[in-house]
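based on what follows, work out the 3D shape:
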Amino acid sequence: MLRITGRFVRTDLDCIGETAGPASAPEAMLVEHGRIVAVGSQDEVPAPAAARRIDLGEGWAIPGLIEPHGHPSEAAQLLGGDVIDIRPVTLESADAVWGAVKRALAAEPRPERVLANGWDPLLQRGLVPPSIVDLDAIAGDIPLVIVHNSLHSAYFNTAAAREAGVDRGTPDPAGASYGRDASGELTGVAYEAAAVMRIAGPVMAAVRQQLPQRMAEHLAEVRRRGITTVADLTWTGELGPLFDGLRDAGRLPVRVRGYEMSRPGARATRPLDNGDARVRQTGVKVWSDGSPWVGNIATSFPYLDTEATRGIGLEPGHIGRANYTTEQLIDIGSQYAGDGWQLACHSHGDVAVDSTLDAYEHLIRDFALRDHRFRIEHCGLMTPAQFRRAADLGVTVSLFVDHITYWGDVLVDDLFGERGASWADAGAAFAAGHRATFHNDGTVTPYEPLRNMAVAETRTSRTGRRLDGGTAVTRLDALRAHTANAAWQLRSEHEVGALTPGLRADFAVLDVDPRTAQPEALAEARVLASAVDGEIE
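Modelled structure (predicted):
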């Protein structure tokens, strides 16, 4: 038995706001067999003589933070090791990007392959989409793949295409494609997950051999950020045994919830009743449309005609398209919905959101579903009316609010004009009655749930620009987005998400009071410690 003293924040209670103070925070928590037995004042929580005692000092303990839409399996492969990190959070300029790629190609001993991750011409101004001829010129017969920061596209040379078994006669995968010129020859670009994964597959083969060690190290970093549960929305059948092995070896520092990538004709690789409180496959993932940064989100209006959109290869009047029709989404969902699986669908554009909701409504009706918790992911240009329709259908939403931090100016000035100012309208989601969540989407932005909470309140970019086309959220809603709401969205509310008796003793300790800290202070708060099942690190 463990008795922990400190200051505890109960996000399951309405005690958040400017009037909250130390006196209103519980002071002690009793933990037995990894579960919370009691939480309250010093007098309310017993102090058994045999209990081990820990004092958290001046920190503030909140429920363990939950990343409801991550990609740890991708992040473990794409961050560190031999992968060249060219993300805009690492390299700011086009010259720096090409310098890093060329140094890797010129390294001694000569590399067998080169993989770079993080291409983003919207933030790294001056980058021009390379053709297969351009990449052949700098890489020669060394397979070279450059993955876009969104993970929705990749550039490749002839050697990489040859190694992946892709040529002019290769059919496009379902929901994805390879760029081709007027004569049908490959142009050196792959669009969407299935095509990107095939092109990058051989280059990443060596990385995958190191995956157990890389995964353990990556999840340890996730834990250091106060995240105690992470969802993997690029789950594959091979990941289940990998995570199970890490758990059994005592090398899995967080809880993992998997959403298996789907396609036409696929079935779940695990039974619905699987796993345990540490590792479990929870649902299925599909992509209705793509990434705003490469021009392929499905909207009812065109992108702006700007230097930035020309720079990413968009013609004037360009309108993105969906990866699947509504009928195809229904067919994919039908492979799982009748068995009780939760569906999660990536949808950014308003047209994509409508299509996803149409498909969900069809599936809910045809399978007479209750408490299905179907999800819409990212919700970039989702409108208040669409949030209300989703809530009426029992569909839940997870918003990528951190886009505002990094791309807020780009969204308005370069891509969508005033429509971009309503991006990731978390306030509208909560107003519609959603138990909305926030996320960071794997490698796209750093794991920074506390910054998500702050930007959802301020809707302010790194330059100080406020995107006032959407509405702000309250501090309580912000905190719940990465705790209680995320646990519910992952079907784990019976295990985690709150500092409540009966739940697992997962928590993070911050150096600020998250109830009353200014948004800027919350965004920059340090995680002093974290616990899973009461085991503190």
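
what about Arg180, how many neighbours?
Number of residues near Arg180 (other C-beta atoms under 10 Å) recorded here: 13. From N, CA and C alone the C-beta is placed, and that goes for glycine too.

can I assume it is in contact with Arg168?
Yes - counting by C-beta atoms under 8 Å, a contact exists between Arg180 and Arg168, whose distance comes to 7.1 Å.

what touches both of these two?
Applying C-beta atoms under 8 Å, 6 or more residues apart in numbering, one finds that Arg180 and Arg168 are jointly contacted by Leu186.

out of the helices and strands in this structure, which is least certain?
Using mean pLDDT, DSSP states H and E, the weakest-scoring helix or strand in the chain turns out to be helix 193-209, at a mean of 89.

return the set of buried residues in that one.
Using 16 or more other C-beta atoms under 10 Å as the burial criterion, the residues of helix 193-209 that qualify are 193-200, 202-204, 207.

as a markdown table, those residues with distance to Val37 would be great.
Listed next are the buried residues of helix 193-209 as a markdown table, based on distance: C-beta to C-beta, whole Å:
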| residue | distance to Val37 |
| --- | --- |
| Ala193 | 44 |
| Ala194 | 48 |
| Ala195 | 51 |
| Val196 | 48 |
| Met197 | 46 |
| Arg198 | 51 |
| Ile199 | 52 |
| Ala200 | 48 |
| Pro202 | 52 |
| Val203 | 50 |
| Met204 | 46 |
| Val207 | 43 |
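
how about the strands of the stretch 101-250 of the chain, start to end?
With strands called from DSSP state E, counting those that start in this stretch, the stretch 101-250 of the chain shows them at 114-119, 144-148, 153-156, 177-180, 186-191, 227-235.

mind putting those strands in TSV, mean pLDDT included?
As requested, these are exported to TSV (pLDDT from 0 to 100):
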stretch	mean pLDDT
strand 114-119	96
strand 144-148	97
strand 153-156	97
strand 177-180	97
strand 186-191	97
strand 227-235	97
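
among those strands, which is nearest Asp95?
Closest approach to Asp95 among the strands of the stretch 101-250 of the chain (C-beta to C-beta): strand 114-119, 13.8 Å.

ok, and what's touching the closest one?
Contact partners of strand 114-119, identified using C-beta under 8 Å, 6+ apart, comprise 78-79, 82-91, 97, 100-101, 104-105, 127, 139, 142-149, 155, 200, 203-204, 207, 443.

which among those count as buried?
In the contacts of strand 114-119, burial by neighbour count holds for 78-79, 82-88, 91, 97, 100-101, 104-105, 127, 139, 142-149, 155, 200, 203-204, 207, 443, counting by 16+ other C-beta under 10 Å.

dead centre of the protein: give me the residue that sits there.
In the chain, the centroid-proximal residue (C-alpha atoms, centre = their mean) is Asp441; its distance is 2.0 Å.

contact partners for that one?
Residues counted as contacts of Asp441 (C-beta under 8 Å, 6+ apart) are 69-71, 378, 400.

which residues in the stretch 351-500 of the chain form strands?
Listed from the start of the chain, the stretch 351-500 of the chain has strands (DSSP E, counting those that start in this stretch) covering 375-378, 396-399, 437-438.

most packed of those?
Comparing these on average neighbours per residue, with mean count of other C-beta atoms under 10 Å, the densest one is strand 437-438 at a mean of 30.

tell me how far that one lies from the chain's centre.
The chain centre lies 10 Å from the centre of strand 437-438; the measure is C-alpha atoms, centre = their mean, to the nearest Å.

quick one on the thing from earlier: using JSON lines, lay out the contacts of Asp441 together with pLDDT and distance to Pro111.
What follows is those, written out as JSON lines (pLDDT from 0 to 100; distance: C-beta to C-beta, whole Å):
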{"residue": "His69", "pLDDT": "98", "distance to Pro111": "33"}
{"residue": "Gly70", "pLDDT": "98", "distance to Pro111": "29"}
{"residue": "His71", "pLDDT": "96", "distance to Pro111": "25"}
{"residue": "His378", "pLDDT": "98", "distance to Pro111": "34"}
{"residue": "Phe400", "pLDDT": "98", "distance to Pro111": "34"}
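
where does the stretch 301-450 of the chain have low pLDDT?
Judged by pLDDT under 70, the stretch 301-450 of the chain has no weakly predicted residues.

helices of that one, start to end?
Taking DSSP state H, counting those that start in this stretch to define them, one finds helices in the stretch 301-450 of the chain at 307-311, 326-334, 350-366, 384-393, 402-410, 426-431, 449-458.

of all those, which one is nearest Leu122?
Comparing these by C-beta to C-beta, helix 402-410 comes nearest, at 5.0 Å.

alpha carbons of the closest one, as CSV, please.
What follows is helix 402-410, C-alpha atoms only, in CSV (Å, rounded to 0.1, in the frame of the first residue of the first chain):
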residue,chain,number,x,y,z
ASP,A,402,-1.5,22.4,-32.1
HIS,A,403,-1.7,23.2,-35.9
ILE,A,404,-2.7,26.7,-34.7
THR,A,405,0.7,27.0,-32.9
TYR,A,406,2.9,26.2,-35.8
TRP,A,407,0.8,26.8,-38.9
GLY,A,408,-1.7,29.4,-37.7
ASP,A,409,-0.4,32.2,-39.9
VAL,A,410,-0.1,29.8,-42.9
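
for that helix, packing partners?
helix 449-458 (3 or more C-beta pairs under 8 Å, 6 or more residues apart in numbering; DSSP states H and E).

quick one: the helix it packs on to strand 227-235, angle?
Between the axes of helix 449-458 and strand 227-235, defined by axes from the mean of the first three to the mean of the last three C-alpha atoms, to 10 degrees, the angle is 90 degrees.

run through who's touching helix 449-458.
Residues lying outside helix 449-458 but in contact with it, judged by C-beta under 8 Å, 6+ apart, are 65-67, 225-227, 399, 401-402, 404-405, 426-427, 438-440, 466, 472-475, 477-479, 481-482, 510, 514, 519-520, 522-525.

can we see that at 7 Å?
Counting by C-beta atoms under 7 Å, 6 or more residues apart in numbering, helix 449-458 makes contact with 65, 67, 227, 401-402, 404-405, 426, 438, 440, 472-473, 475, 478-479, 481-482, 519-520, 522-523, 525, all of which sit outside it.

now do stretch 75-90
Applying C-beta under 7 Å, 6+ apart, the set of residues contacting stretch 75-90 from outside is 97, 100-101, 104, 114-120, 123-124, 149, 204, 207-208, 210-211, 214-215, 218, 442-443, 446.

let me know the average pLDDT across it.
The average pLDDT within stretch 75-90 is 91.

how long is it end to end?
Separation of the first and last residues of stretch 75-90 by C-alpha to C-alpha, to the nearest Å is 15 Å.

chain center to that stretch: distance?
Its chain's C-alpha centre lies 16 Å from the corresponding centre of stretch 75-90 when counted by C-alpha atoms, centre = their mean.

got it, and stretch 78-92?
Mean C-alpha position of stretch 78-92 versus that of the full chain (C-alpha atoms, centre = their mean) differs by 17 Å.

what about that stretch, start to end distance?
Distance between the two ends of stretch 78-92: 18 Å, counting by C-alpha to C-alpha.

repeat for stretch 268-276
17 Å.

in it, what's buried?
Along stretch 268-276, the positions that meet the burial threshold by neighbour count (16+ other C-beta under 10 Å) are 268, 275.

and the contacts of it?
Against stretch 268-276 from outside (C-beta under 7 Å, 6+ apart): 237, 240, 260, 280-281, 284, 336, 339-341.
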